[in-house]
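> With the sequence up front, the predicted model follows.
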Amino acid sequence: MSEMPFRDAPLRIGSWRSFWRRFSRRRLAVASLFMLVLLALAAAAQPLAVRLLGIDPLAIDLYGRLAGPTMRHPLGTDELGRDLLLRLLQGGQVSLTVGAAAALVSALIGTLIGLLAGYRGGVLDRLLMRFTDSVIALPLLPLLIVLAAIDLTKLGVPRALADAEGASLWRIVALIALVGWTTVARLVRGATLAVRSFDFVRAATALGAGGPRIVLVHILPNVASPMIVATTLSIGNYILLESVLSFLGLGIQPPLASWGAMLTDAQELIGTAPALALYPGLLIFVTVIAFNLLGDGLQDALDPRAGQG
Amino acid sequence: MTIRRSGRARLVVLLIRHSLSLAVTCLVALAPAAAADALRIGLTQYPPTLNPSIDAAVAKTYVLAMTRRPFTVYDADWKLVCMLCTELPSIENRLAVPFDKPDGTRGVRLTYTIQPGATWGDGVPLTTEDVEFTWEVGRNPQSGVASAELYRRITGIEIKDAKTFTMIFDKLTFDYGAINDFEVLPAHLERAAFSDPAQYRIRTRYDTDPTNPGLYFGPYRISEVANGSFIVLTANPSWWGRKPAFPRIEIYAIENTAALEANLLSGGLDMVAGELGLSLDQAIAFEKRHGDRFAIVTKPGLSYEHVDLNFDNPILADVRVRQALLTGIDRTAISRQLFDGRQLVADGFVSPLDRVFAKDIRHYDYDPMKARALLDDAGWRVGVGGMRSDATGTRLALDFATTAGNRTRELVQQVLQAQWRQLGIDVRIRNEPARILFGQSLARRRFTMAMFAWVTSPENVPRSMLHSSEIPREANGWGGENFPGFRNPEADALIDKIEVELDESRRAAIWQRLQEIYAEQLPELPLYYRSDSFVLPKWLKGVRPTGHQYPTGLWVEDWRRGDAAAAAR
Amino acid sequence: MIRFLGLRAVEILVVLVIMSFVIYALIGLMPGDPIDLMITANPKLTAADIVRLKAVYGIDQPLMGRYLAWLRNILQGDLGFSRLYSQPSVTILLPRLGNSALLMGTSFVLALAIGLPAGIAAARRPHSLLDHAINFACFAGISVPSFWLALMLILVFAVALGWLPAGGLATIGDGGFVDRIQHLVLPVATLTLASIGGYTRFMRSAMAEALRQDFIRTARAKGAGERRVVLHHALRNAMIPVVTIVALSFGTLFSGALITETMFAYPGMGKLIFDSVMGNDYNLALAGLLFATLVTLLANLAADVAYAWLDPRITYR
């Protein structure tokens, strides 16, 4: 797990143009962004690809297992004779959705707690930050395992809801977000504390602006940049985390599969069908590294002081 | 300065490169040659305990098979044989004597004689005192013995002398001679641990002092234990039987099967046990690549893979739907394409290899047309999108669970789902970890369709699976394994009769009828009999997979190195 | 300072007690209990057996009562009996701790030994080819799924080349120094490759920040040698946040590396905690998880102390 360095000082996002000028200088970050957009589009276009290729992505062909690339199956077929390309695209939907959704939800929770602690201060701040520290102190993976194995019906969640279609996906998102919000919370709190003491905020308070208004208009825009960077970086982390959960058998329900689940399933057949492991492994690697590079680039572009040397 | 810096950088790189290659060379040069006299076996599990009576894990059964022997057991030909006893009791040889009970049923007195040479590893002879002690432990409700059924059925033990004893059973069943699960314990070592029965499972010397030679009397004894990683067995000098060929056996627990495979290839392991090893499709793939070095032995066994159907579900309560479900899946293709034809397609709960298998029962060939007709007939009409619903608009939708993380089952499950979908049945997969599936969903009958396996022994009476008294419910403490909720008075009567019918031909007729009912009614969808796959080095001879719950290690003294010529080939 | 430490100690204790209850309750929320799991392995268990065994193992009692009983025992120094291994939890825990410390410690030291110099090198020449190369390598290391990396290392170095063992702690009957090292190489490599990136990037950013400071310019203006500027002035400042983060990550060392341990069949804490949680082994899971939490909390404390010690502007009263 990488811990990214952030200063607690708040930074206003400068004008869009100057941001873009700085960002576009980071060629790796731009390439990453391009790559990610491409991957997301491809994953989103899976239904279109289904129509184009004219194959049912779930259709099983026991007599065409583990086939090599053909015109009909550009990347060949998997161990049940399903089209590998379509399956990878669908896996991309799951992996990217889990990563992005978990990052967004974490950011939301983290921002809320961070703002509350930073803006209110005092006892509430101390309590919230102790709580955050405690969550950070928890051993992450074992906790996720315990949480993943919990029987929701024992908690009073209706069985229909606990069993609903796609529930396994949202369960994973919720799990990750439950332990992932701490980074953003700390960042936002630090930034809020600093912004609060700025003259323009003091002036606004003196002029009688209400709390919510100050937070929305003055503080949020000022803490946006570290938040964006942290969230971008965490998407990559969460995609990796999801693959680990899949490896442990706590992932998503078949016939849906994430890249991590596909990779896990493929390891037993790695000698016979290396392609089955190669593609999802490569896609995870490329996606995660792209998110990291993008986050890195965003940080430099949003925070002109960093990386000048 | 630039020059200096790059010069230093180059030096560092050189240094690193040198030290790395030096380290690698050292490590390679110093790699010790593997001990030639040891047989190294890989398992995917480590035994939770080594006490023979407590808990019931396959890994434990596997290890203990080499270090201890049951009185009786089914051999690789599925015949009941004596191991620790000298002669199997039968009514013919007068060692089994039935008697009438006041309530009109019959009990039986069985006389066994312990092998004269049977001696615990510390030189203390194995006697009837141990047998008595074992019974005492087994029937004590606090001792933590997992399956106490056998011990409870014994109403008394009479001691003739140090080696001969008579057990009295209150029920005379056709398999009366089998006391396979009677796991004799060393009284001289365990009695102290049993002084407080509630503490026995904590104080048993099998776990506090597992390398004590006195705990074992088989061809091997446990000489070294590393919790969670390996167990070393060494030849037991007090063993009465044939001397085993390998002075040492090392059993390693490696959970990840990809890593298990890598260990085989790198020479860290000689073989992988079929009882807890590679999945069949993994073994088949392995054979294709490494068939020159390893022999893959597969044996279709008594692991009956099937889909339980919950009769409480109104859709599944209709026998036409159940028959359509089975007619609509191509089990032959699944077996041939996924498992290289090495798993027998099942027609019922009795394996085709079992002597009580009925050949001419109803067989369901893959016939999608017929399946469609059955569904139409049951009122499930094809609607928009090709999916079916009935006159009231209820969709033909079913949930389908199996053990999450079991790749083979999940593969088969997806095939079934796809084939059913083509008939217009909307099957949704809801897999759960084994602990939830068995502990909750099945035990509390909160499932619709569930795929899992029964692992049984030959001629196993399906009382707990099919008898209506074994339907789990509040009243019986959610016991029993008739998860579908199958109620059939005739089947109940047949099961009751089978158990006490001693005449083999009359029993065969009852078995026949029971299988007919099962095939008509389909409380479960039979899929196939799972094959265990043993990965053995070419030079290892004498390993005979049993196909049932009793492991190969019970005959470990027959395992040999093949001759040099065979090894060279 | 003493007051501060005392307060923190109390705080750690409180967190531990709360954690123990939370974990106990969480495991209680997991479906099925140990006896249900036993049924999976043995279909011959009858309903009567199940009722009897639940009483023997005490799981017919309500959760709260079991927790309080556990708490009483723990206060008397009794960690309880591990159902999964049929041993006292301590007997299982201690060797695993040692194994984990060895594995994680080695990779920790290695990652620092490579990561920190690499980070400094990158920071000295920002946006140079070297900087970009290091940056990219860091992200590459962070971005590989670790079970995939482990599998690749096994396939290359154990299967294809046959240089190193594919897994395990040591060769049975050998267990000498060289043998143990050989078994450590691949798991340590997996862990190190995955963690180098984080340290490197942190060091780089701290160093870059330090090099931007005014006093560095002053030092340079005074004609101090570049080497002295970097190693003496800048490094000392940059180390403040780095030491903090290093101390923090030290806390995760003892909770183990589940994936690496699984792939290499290495008996460490990560696998132990995972198995005990999955196997519903309350005593062992609690002991393992609480120990991991304790170490993390202590590491946090150490980080705070180190921060105060390095940065003279901060004092704790």
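Done, it's in.

> Domain parsing of chain C, as residue ranges.
Here the domain parsing of chain C from automatic domain parsing is C:2-89, C:93-310.

> Return the most buried member of those.
Compared across the domains of chain C, domain C:93-310 shows the largest average neighbour count, a mean of 20 (mean count of other C-beta atoms under 10 Å in any protein chain shown). In short, each C-beta sits where N, CA and C put it, glycine included.

> what about that one, start to end distance?
Taking C-alpha to C-alpha, to the nearest Å as the measure, domain C:93-310 stretches 35 Å from start to finish.

> mind checking which of the domains of chain C is nearest chain B?
Minimum separation from chain B across these (C-beta to the nearest C-beta) falls at domain C:2-89, 1.8 Å.

> Could you look up the next helix or strand downstream of the host helix or strand of C:Ala189?
Secondary structure assignment for C:Ala189, by DSSP states H and E: helix C:177-212. On the C-terminal side of helix C:177-212, the nearest following helix or strand under DSSP H and E is helix C:214-221.

> Distance to chain A and mean pLDDT for the domains of chain C - can I get that in CSV?
Output for the domains of chain C, formatted as CSV (distance: least, C-beta to the nearest C-beta, whole Å; pLDDT from 0 to 100):
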stretch, distance to chain A, mean pLDDT
domain C:2-89, 4, 79
domain C:93-310, 3, 84
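
> CSV for these, including distance to B:Gly393?
Below are the domains of chain C laid out as CSV (distance: least, C-beta to C-beta, whole Å):
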stretch, distance to B:Gly393
domain C:2-89, 34
domain C:93-310, 42
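
> quick one: what helix or strand has residue 263 in it?
No chain was given, so I picked chain A. Secondary structure from DSSP H and E places A:Leu263 in helix A:259-266.

> The chain in question should be chain B.
Counting by DSSP H and E, B:Asn263 is found in helix B:257-266.

> average model confidence for that helix?
Average pLDDT, helix B:257-266: 88.

> Mind giving me the packing neighbours of that helix?
The contact analysis (3 or more C-beta pairs under 8 Å, 6 or more residues apart in numbering or on different chains; DSSP states H and E) places helix B:257-266 against strand B:38-43, strand B:271-272, helix B:280-290, helix C:146-153, helix C:258-263.

> Contact residues of the stretch 201-317 of chain C facing chain B?
Contact residues (C-beta under 8 Å from any C-beta of the partner chain) of the stretch 201-317 of chain C with chain B: C:Glu226, C:Thr262, C:Met263, C:Phe264, C:Ala265, C:Pro267, C:Lys271, C:Leu272, C:Asp275, C:Met278, C:Gly279, C:Asn280.

> In contact with A:Asp78, which residues?
By C-beta atoms under 8 Å, 6 or more residues apart in numbering or on different chains, the contact set of A:Asp78 is A:Arg65, A:Leu66, A:Leu84, A:Arg87, A:Met262, A:Leu276.

> Okay, and which of those residues map to helices?
Applying DSSP state H to the contacts of A:Asp78, the entries found in helices are A:Leu84, A:Arg87, A:Met262, A:Leu276.

> As TSV, these with neighbour count, distance to B:Ala38 and pLDDT would be great.
Putting these into TSV (neighbours: other C-beta atoms under 10 Å in any protein chain shown; distance: C-beta to C-beta, whole Å; pLDDT from 0 to 100) gives the following:
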residue	neighbour count	distance to B:Ala38	pLDDT
A:Leu84	25	43	90
A:Arg87	25	44	91
A:Met262	26	38	92
A:Leu276	25	36	88
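
> Closest one to B:Gln440 out of these, please.
Of all the ones in helices among the contacts of A:Asp78, A:Met262 has the smallest distance to B:Gln440: 28.5 Å, by C-beta to C-beta.

> I'd assumed A:Leu88 was in contact with the closest one.
Yes. Using C-beta atoms under 8 Å, A:Met262 is in contact with A:Leu88, at 7.4 Å.

> where do the contact lists of those two overlap?
Jointly contacting A:Met262 and A:Leu88 under the rule C-beta under 8 Å, 6+ apart are A:Tyr279, A:Pro280.

> how close does C:Ala55 get to B:Ser143?
From C:Ala55 across to B:Ser143, the span is 12 Å (C-beta to C-beta, to the nearest Å).

> now B:Val535
According to C-beta to C-beta, B:Val535 and B:Ser143 sit 38 Å apart.

> And the closest residue in space to B:Ile159 that isn't next to it in sequence, its phi and psi?
Excluding the flanking residues, the one nearest B:Ile159 by C-beta to C-beta, 6 or more residues apart in numbering or on different chains is B:Thr128, at 4.7 Å. Note on B:Thr128: backbone dihedrals following degrees, to the nearest 10 are phi -60, psi -20.

> Locate the residue lying closest to C:Pro34 once chain neighbours are set aside within the secondary structure: which element?
Closest residue in space to C:Pro34, ignoring its immediate chain neighbours: C:Asn280 at 4.8 Å, by C-beta to C-beta, 6+ apart. Assessed by DSSP H and E, C:Asn280 sits outside every helix and strand.

> and what of the one 5 residues further on?
For C:Ala285, the enclosing helix or strand under DSSP H and E is helix C:282-310.

> That helix packs against which elements?
helix A:122-137, helix A:140-149, helix C:2-29, helix C:63-75, strand C:81-82, helix C:89-124, helix C:235-250, helix C:269-278.

> B:Ile168 should be in a strand, yeah?
Yes. B:Ile168: assigned to a strand according to DSSP: H, G, I helix; E, B strand; the rest coil.

> can I assume the residue nearest to B:Ile159 is in contact with B:Met167?
No. Using C-beta under 8 Å as the test, B:Thr128 is too far from B:Met167 to be in contact (10.8 Å).

> Just want the angle from the helix holding C:Ala285 to helix A:122-137.
Interaxial angle of helix C:282-310 relative to helix A:122-137 (axes from the mean of the first three to the mean of the last three C-alpha atoms, to 10 degrees): 120 degrees.
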